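Asks: What follows is a protein structure lacking sequence information:
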């Protein structure tokens, strides 16, 4: 074999080896079964190996902070914008310049500095028990502070990021003073001291503990898929609040590229893959979350909850106002 032929073969082998070696390290705050099938498909389609580490979002953020420059993390996937904002302000993420992402994701669902991007929308409406509450009695989240709802509301604790973001959204849109007055009245209407997760609030409503539960819709969707929880899910209906003004409160699950990502190019490819219509559709069907990309069809379960008008608030605001939201909740004695 001539020298130039040997060189070509060696070059081809080197390229093949590099292609095989391509990988991306993902720290995911989402449970493995809710994300791994998509990551496996990404590997199949691109040849990029995904090394997945799952855990609680706050613990993964702390881990990245302690690892510093030596962190192997390329991508951080998290639930709730509050946590992504936390990672950003701690200097754990980096800006990503991707036309694919900015074209696909509406501006209010991604960081203005392009350090994190919403991958799914999650809604937090009112869920009520038919027969105990008529939909015409409901209107807005603000109305739930009215004394007529005394002893009728179930919601999880104030240390939950979903509630903190919901209150932060109210502060952004109503002001701190009005939100404080709302929180004071809302807490007085609790049927029981907050305990458990969103599914537990729905179960409590189904069991007659309360007439109204506040929960994210994907929990309700998941309960329909669970034989043990299906009866409780069927006992409540979704009501979309604030449809005559700003729209229902939404949040995101999202991701960002780690500041010291050793495989940045692969990390960006993964984020871009996650906003493809096929990926967005998978999220909607598997996780019962709303696509961030326009024109992607919702799952039948999401369709059954009804169409709704959503808030258009820039979600980075929820992270910025998180500390104030916690203060408001503490003053209201929201346990």
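Replies: On my side now, so go ahead. What you are looking at is a predicted structure, and each value in this text was computed from that prediction instead of being measured.
Asks: and stretch 124-138, which residues are buried?
Replies: 124-129, 133, 138 (16 or more other CB atoms under 10 Å). (Each C-beta comes from the backbone N, C-alpha and C, glycine too.)
Asks: and if you look at stretch 265-276?
Replies: Those buried within stretch 265-276 under the rule 16+ other CB under 10 Å are 266-276.
Asks: Tell me which residues of stretch 189-203 come out buried.
Replies: So for stretch 189-203, counting by 16+ other CB under 10 Å, buried means 189-191, 194, 198-203.
Asks: actually stretch 65-72, not the one I wrote
Replies: 71-72.
Asks: quick one: strands adjacent to the top strand by length along the chain?
Replies: The residue-count maximum for a strand in the chain (DSSP state E) belongs to strand 250-258. In the sheet, strand 250-258 lines up against strand 75-79 (antiparallel), strand 93-94 (antiparallel), strand 117-123 (antiparallel) (DSSP bridges).
Asks: For the nearest residue to residue 215 once chain neighbours are set aside, give its distance to residue 67.
Replies: Nearest residue to residue 215 in three dimensions, chain neighbours excluded: residue 198, at 3.8 Å (CB to CB, 6 or more residues apart in numbering). Distance of residue 198 to residue 67, given as CB to CB, to the nearest Å: 31 Å.
Asks: With residue 290 instead?
Replies: 33 Å.
Asks: Then residue 154?
Replies: 39 Å.
Asks: repeat for residue 335
Replies: 34 Å.
Asks: ok, which stretches of the stretch 201-335 of the chain are strands?
Replies: For the stretch 201-335 of the chain, the strands defined by DSSP state E, counting those that start in this stretch occupy 212-214, 237-239, 250-258, 290-291.
Asks: pLDDT on the shortest one, on average?
Replies: Per-residue pLDDT values over strand 290-291 give a mean of 95.
Asks: How about the second one?
Replies: Mean pLDDT, computed over strand 237-239, is 98.
Asks: Quick one, grab the pLDDT at the residue nearest the centre of the chain.
Replies: Central residue of the chain (CA atoms, centre = their mean): residue 253, 2.6 Å from the mean position. Residue 253 carries a pLDDT value of 92.
Asks: and it, what is it in contact with?
Replies: Residues near residue 253 by CB atoms under 8 Å, 6 or more residues apart in numbering: 30, 77-80, 118-120, 122, 289.
Asks: hmm, try it at 10 Å
Replies: Counting by CB atoms under 10 Å, 6 or more residues apart in numbering, residue 253 touches 29-30, 34-35, 57, 77-81, 83-84, 118-122, 218, 283, 287, 289, 292.
Asks: Same check on residue 285?
Replies: Neighbours of residue 285 in contact, by CB under 10 Å, 6+ apart: 221, 297-302.
Asks: can you put those residues in JSON lines and add distance to residue 257 and neighbour count?
Replies: As requested, the contacts of residue 285 are exported to JSON lines (distance: CB to CB, whole Å; neighbours: other CB atoms under 10 Å):
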{"residue": "221", "distance to residue 257": "29", "neighbour count": "21"}
{"residue": "297", "distance to residue 257": "29", "neighbour count": "13"}
{"residue": "298", "distance to residue 257": "28", "neighbour count": "17"}
{"residue": "299", "distance to residue 257": "29", "neighbour count": "20"}
{"residue": "300", "distance to residue 257": "34", "neighbour count": "9"}
{"residue": "301", "distance to residue 257": "32", "neighbour count": "18"}
{"residue": "302", "distance to residue 257": "29", "neighbour count": "20"}
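Asks: hmm, which two among the residues you listed are most spread apart?
Replies: Farthest apart among these by CB to CB are 221 and 297. That separation is 15.1 Å.
Asks: re the thing from before, deepest of the strands paired with strand 250-258, which one?
Replies: Mean neighbour count, computed with mean count of other CB atoms under 10 Å, is highest for strand 75-79 among those, reaching a mean of 27.
Asks: any idea of the mean pLDDT for that strand?
Replies: For strand 75-79, the per-residue pLDDT averages 94.
Asks: do the same with stretch 258-268
Replies: On average, stretch 258-268 scores 97.
Asks: what's the distance between that stretch and the middle of its chain?
Replies: Averaged C-alpha coordinates place stretch 258-268 at 22 Å from its chain's average position (CA atoms, centre = their mean, to the nearest Å).
Asks: Start and end of that stretch, how far apart?
Replies: Terminal residues of stretch 258-268 lie 10 Å apart, using CA to CA, to the nearest Å.
Asks: Show me how this protein divides into domains.
Replies: Partitioning the chain according to automatic domain parsing yields domains covering residues 3-122+252-298, 123-249+316-331.
Asks: Confidence-wise, which of those is weakest overall?
Replies: domain 3-122+252-298 (a mean of 89).
Asks: residues touching the residue nearest to residue 189 when sequence neighbours are not counted, list them.
Replies: Spatial nearest neighbour of residue 189, chain neighbours left out: residue 149 (4.4 Å); criterion: CB to CB, 6+ apart. By CB under 10 Å, 6+ apart, the contact list for residue 149 reads 133, 137-138, 143, 185-186, 188-191, 210-212.
Asks: Closest to residue 327 out of those?
Replies: Of those, the one sitting nearest to residue 327 (CB to CB) turns out to be residue 186, at 15.3 Å.
Asks: sec struct for the closest one, please.
Replies: helix (DSSP: H, G, I helix; E, B strand; the rest coil).
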